[in-house]
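Participant: Sharing a sequence plus its predicted fold:
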Amino acid sequence: LYGTTSDGAYFIRLDSSTVASQYLLMNRTNSDDGAWILLMKGRQQSTNFAYDSGLFESSATTLDSTTLSNDFTSDAKFNSYNKTYIAKILAAFKDPERPGSGAYAFPTSGTGDLPGNPWGAHVWLETLTVSTTAQSRLTTGSTIATFARAVVGNDAATTPPPSTFTRYSLYYETNTVSAPNTPSSTQVFSYQVGLGRYGFAIPSCSSLNVRWGFIWNNENDTNSCDVVVGIGITGNNISGGTGDFTNWGALPTGPIRSAGNKLLSTRGKTAFQLWGKTPDPSLGTPTAFTVSGSNGTATLSWTKPSGTISEYLVQYKLSSAATWDSVTSTVRRVTSPTTSPTISISGLENTSYDFKVFARGLPNDSSSTPAEATLNFNLSDSIKPNSITHCPLTSITSLSPLGGTSSGGTRLTINGSGLTSSVYINGRIADVRLSSSSAVTIRTPPGTKGSATVRIDGCNTSASTTYLYDPDPVISSLSASSISTSGGVITIT
């Protein structure tokens, strides 16, 4: 609706019956146009995300799902991992506990499939062939590529490679590598020449398992795989988790280097995040959209587009407002869609309005482009005949409370005389819940920090006063992530 680019917690529809607050990355720069939903995250030394962890397998559990923040220092699994159908999935790798360690640490400029990405992490990005949940994707085997390299020394390949794989950005900083599969300062993860597999829940090899990542072998077979890289790992000499490990004895963790078909070191554990993106809108644009009006009421009608429609969203704003956002515009829902829907919007001012109509389908489909129209009310349409001689003067005597949060939703009571249900805050129609000539109760719309003008239009006079929008409270930390069932004390900062 608004084209927002602000990251943060938003209420979204996870499936056809579940709505929840989830963390969204809406930054559009070097992020595949943003709109990413945070599904799961794990800190560098976490033990929660081994291959056989129920957090991957279960479609019903969550972990610390109130920690709605874009960080690499806490563990969480959100309900969006279980329920939301996604068309793209993204992994971000970082090692925040190794700052300033040169080649030992990940580059902070953002590398991998999305160079310069806003996570400042090494990123893998996959477009799924069929939209599904992350839980289904990471528990259902899907080998994206099986490939082999020319092997040196005594491990020469005896059979042709099964395929060629040139996604060097998965284990180098970029996809442009001057000498692929040779030691390089731009190497990010370990590899071996010989045989490799990459994908989701790929077949186990020599007790190595990974939910999303690589399994490598220096020979051109699957008899003695040596290296595993990715998210959700188990194997010999590996305690489990996410990162870059060898299956045969300990190697020093440090700058990642491969020499020929042998490894000199591996990265070890890393922090990670999983993100998902819902499919692009596929519903058509409502057609035959018309808007007419008089006496401050606009009547909208349109024709149903193709596709299965669950509801329509009607959005409108003053034509003088430069942008469509949650402050300047208002949204109404039409939840019983028909072939030729209509809606009437009253309480409009004597000026020009812009209107949009979107179709929506369950769980997360919508029109890729809305229908749009403009209506300009004439002065003669907005004033009732003889209203001056029959209407009392409108006055406001008090507000309760005097202010509320910028996100809106505050229950505000306006007291006075000659009041009506035509209530505006900074020129935007308010959601009136109760109305009489002496008191009107509304739910405030979102607003920006500072003073806002509350205005009530009577049938021939108006009255206004000032309401204060305060910043929303922000929780930055909890002193504990859980307490016993017998109770306890948590400090909220």
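Facilitator: Yep, it's here. Residues are numbered from 1 along each chain as shown.

Participant: Isn't residue 67 up against residue 74?
Facilitator: Yes. The criterion here is Cβ atoms under 8 Å, and residue 67 meets it with residue 74 at 5.4 Å. In this view, the C-beta of every residue, glycine as well, is placed from N, C-alpha and C.

Participant: Who has more neighbours out of those two?
Facilitator: Taking other Cβ atoms under 10 Å, residue 67 and residue 74 do not tie; residue 67 has more neighbours (18 against 15).

Participant: List the contacts of that one.
Facilitator: 74, 76, 481 (Cβ atoms under 8 Å, 6 or more residues apart in numbering).

Participant: from those residues, which single one is nearest residue 14?
Facilitator: Relative to residue 14, the closest of these is residue 76; by Cβ to Cβ it sits at 15.4 Å.

Participant: The closest one and residue 69: what is the separation?
Facilitator: Separation of residue 76 from residue 69 (Cβ to Cβ, to the nearest Å) stands at 9 Å.

Participant: Same question for residue 286.
Facilitator: On the measure of Cβ to Cβ, residue 286 and residue 69 end up 38 Å apart.

Participant: More neighbours: these two, which one.
Facilitator: Shown here are residue 286 and residue 69; by other Cβ under 10 Å, residue 286 has more neighbours (25 against 17).

Participant: next one: phi and psi at residue 243?
Facilitator: phi 150, psi -140 (degrees, to the nearest 10).

Participant: That one and residue 233 touch, don't they?
Facilitator: Yes. Applying Cβ under 8 Å, one finds residue 243 in contact with residue 233, separated by 7.1 Å.

Participant: residue ranges with poor pLDDT in the chain?
Facilitator: 1-2, 96-105, 147-165, 179-184, 237, 239-240, 248-266, 378-392, 459-461 (pLDDT under 70).

Participant: that older thread, of the contacts of residue 67, just say which sits nearest to residue 322.
Facilitator: Nearest to residue 322 among the contacts of residue 67, with distances taken as Cβ to Cβ, is residue 76, at 37.9 Å.

Participant: contacting residues around the closest one?
Facilitator: Contacts of residue 76 by Cβ under 8 Å, 6+ apart are 40, 41, 62, 63, 64, 65, 67.

Participant: Show me these that map onto strands.
Facilitator: 40, 41 (DSSP state E).

Participant: Tabulate the contacts of residue 76 in CSV, adding columns for distance to residue 293.
Facilitator: Below are the contacts of residue 76 laid out as CSV (distance: Cβ to Cβ, whole Å):
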residue, distance to residue 293
40, 49
41, 49
62, 47
63, 52
64, 50
65, 45
67, 47
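
Participant: Need the max-distance pair from the contacts of residue 76.
Facilitator: Farthest pair in the contacts of residue 76, by Cβ to Cβ: 41 and 62, 12.2 Å.

Participant: Looking at these two, which has the bigger crowd around it?
Facilitator: Higher neighbour count among residue 41 and residue 62: residue 41, with 27 against 17, using other Cβ under 10 Å.

Participant: Hmm, the more buried one is touching residue 71, no?
Facilitator: Yes. Between residue 41 and residue 71 there is a contact at 7.1 Å, judged by Cβ under 8 Å.

Participant: which residue sits closest to residue 54, ignoring its sequence neighbours?
Facilitator: Closest residue in space to residue 54, ignoring its immediate chain neighbours: residue 61 at 6.4 Å, by Cβ to Cβ, 6 or more residues apart in numbering.

Participant: Just list the residues touching the one you found, thanks.
Facilitator: Applying Cβ under 8 Å, 6+ apart, the residues near residue 61 are 54, 55, 77, 82.

Participant: Quick check: the gap between the closest residue to residue 11 other than its chain neighbours and residue 368.
Facilitator: Closest residue in space to residue 11, ignoring its immediate chain neighbours: residue 21 at 5.2 Å, by Cβ to Cβ, 6+ apart. Using Cβ to Cβ, residue 21 is found at 26 Å from residue 368.

Participant: Then residue 228?
Facilitator: For residue 228, the distance to residue 368 - Cβ to Cβ - is 40 Å.

Participant: Who has more neighbours out of these two?
Facilitator: residue 228 (28 against 13).

Participant: For that one, give the beta-bridge partners.
Facilitator: residue 215, residue 245 (DSSP bridges).

Participant: what sits against it?
Facilitator: 208, 209, 210, 213, 214, 215, 216, 235, 238, 244, 245, 247.

Participant: 7 Å instead, please
Facilitator: Shown in contact with residue 228 (Cβ atoms under 7 Å, 6 or more residues apart in numbering): 208, 210, 213, 214, 215, 235, 245, 247.

Participant: who's in contact with the second one?
Facilitator: Under the criterion of Cβ under 7 Å, 6+ apart, the contact partners of residue 210 comprise 51, 202, 228, 230, 232, 233.

Participant: so where does it fall, helix or strand?
Facilitator: strand 209-217 (DSSP states H and E).

Participant: next one: that strand to chain centre, how far?
Facilitator: Offset of strand 209-217 from its chain centre (Cα atoms, centre = their mean, to the nearest Å): 27 Å.

Participant: Also stretch 357-375?
Facilitator: Distance, centroid of stretch 357-375 to centroid of chain: 20 Å (Cα atoms, centre = their mean).

Participant: now do stretch 200-219
Facilitator: 30 Å.

Participant: With just CA atoms, put that stretch into PDB.
Facilitator: What follows is stretch 200-219, C-alpha atoms only, in PDB (Å, rounded to 0.1, in the frame of the first residue of the first chain):
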ATOM      1  CA  PHE A 200      18.400 -28.300   0.800                       C
ATOM      2  CA  ALA A 201      18.600 -31.400   3.000                       C
ATOM      3  CA  ILE A 202      20.900 -33.100   0.400                       C
ATOM      4  CA  PRO A 203      21.700 -36.800   0.800                       C
ATOM      5  CA  SER A 204      23.900 -37.700   3.700                       C
ATOM      6  CA  CYS A 205      27.600 -38.500   2.900                       C
ATOM      7  CA  SER A 206      30.000 -40.000   5.400                       C
ATOM      8  CA  SER A 207      27.700 -39.000   8.200                       C
ATOM      9  CA  LEU A 208      27.700 -35.300   7.000                       C
ATOM     10  CA  ASN A 209      24.300 -33.700   6.900                       C
ATOM     11  CA  VAL A 210      23.200 -30.100   6.200                       C
ATOM     12  CA  ARG A 211      19.800 -28.400   6.000                       C
ATOM     13  CA  TRP A 212      21.000 -25.900   3.400                       C
ATOM     14  CA  GLY A 213      24.500 -25.900   2.000                       C
ATOM     15  CA  PHE A 214      27.400 -27.900   0.500                       C
ATOM     16  CA  ILE A 215      29.000 -31.300   1.100                       C
ATOM     17  CA  TRP A 216      32.400 -31.700  -0.500                       C
ATOM     18  CA  ASN A 217      34.800 -34.600  -1.300                       C
ATOM     19  CA  ASN A 218      38.400 -34.400  -2.700                       C
ATOM     20  CA  GLU A 219      37.700 -37.600  -4.600                       C
END
